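> predicted model and sequence below, questions to follow.
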Amino acid sequence: MAGIDRRPDSAEALVRALYAEHGRSLLAYATRLTGDRAAAEDVVQETLVRAWKHADDLSTGRGSVRGWLLTVARNLATDRARARAVRPAEVAEVEDFPPVEGDHAETVVNSMVVLSALDQVSAEHRDVLVELYYRGRSVTEAAKELGIPPGTVKSRSFYALRALRAVLGGPGNNPGDGTGAEVTG
């Protein structure tokens, strides 16, 4: 590699020549150092960039080019390991992180659909459904809160659920489908 030329037109030729001659051993060495093929490829790339930047040092004939490249690769791998040790652990590296149970997107969409459907039923039906299902009150508690008799709460909840099913397009709940399930209040 004596007489390495650093002119812009020869930069690509230099990197190609170094990689052709030393690339395989450099990649194998970097892979052993990092334990990761992708990280090793990054180390080799940076090593070749530094070789291009220090072409004058390589052309003097002192020491072997391969030794210089392997030393640079070792230093880069060491620097990467030190930087990773100082940084907080990434999520993928944390061992005790609890697994995600599932995607909650469907729950969010369902909630949005139900809220939209609640806007389409009468205020009396909506109030009963909110008290019974959203706030978790009993029929007696809902009746007391709404100021109506418990029997009215039961009746309204029956018709409110029927109306809600009709708005959501549930089977057998559409008005005039012959099932006698017309929405009434």
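That came through, no problem.
> what is the burial count for Ala17?
Taking other Cβ atoms under 10 Å as the neighbour definition, Ala17 ends up with a count of 14. In short, each C-beta sits where N, CA and C put it, glycine included.
> may I see the buried residues of the one helix or strand it maps to?
Of the helices and strands defined by DSSP states H and E, Ala17 is found in helix 8-34. Applying a neighbour-count criterion of 16 or more other Cβ atoms under 10 Å, the buried positions in helix 8-34 are 14-15, 18-19, 22-23, 26-27, 29-31, 33-34.
> need those residues in JSON lines (columns: distance to Val86 and pLDDT).
Shown next, in JSON lines, are the buried residues of helix 8-34 (distance: Cβ to Cβ, whole Å; pLDDT from 0 to 100):
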{"residue": "Leu14", "distance to Val86": "34", "pLDDT": "72"}
{"residue": "Val15", "distance to Val86": "31", "pLDDT": "75"}
{"residue": "Leu18", "distance to Val86": "31", "pLDDT": "83"}
{"residue": "Tyr19", "distance to Val86": "31", "pLDDT": "87"}
{"residue": "His22", "distance to Val86": "30", "pLDDT": "89"}
{"residue": "Gly23", "distance to Val86": "30", "pLDDT": "89"}
{"residue": "Leu26", "distance to Val86": "26", "pLDDT": "91"}
{"residue": "Leu27", "distance to Val86": "26", "pLDDT": "90"}
{"residue": "Tyr29", "distance to Val86": "24", "pLDDT": "90"}
{"residue": "Ala30", "distance to Val86": "21", "pLDDT": "91"}
{"residue": "Thr31", "distance to Val86": "23", "pLDDT": "90"}
{"residue": "Leu33", "distance to Val86": "18", "pLDDT": "89"}
{"residue": "Thr34", "distance to Val86": "17", "pLDDT": "88"}
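> dump these to CSV, plus distance to Ala55.
Formatted as CSV, these follow (distance: Cβ to Cβ, whole Å):
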residue, distance to Ala55
Leu14, 6
Val15, 10
Leu18, 10
Tyr19, 14
His22, 14
Gly23, 17
Leu26, 17
Leu27, 21
Tyr29, 21
Ala30, 21
Thr31, 26
Leu33, 24
Thr34, 26
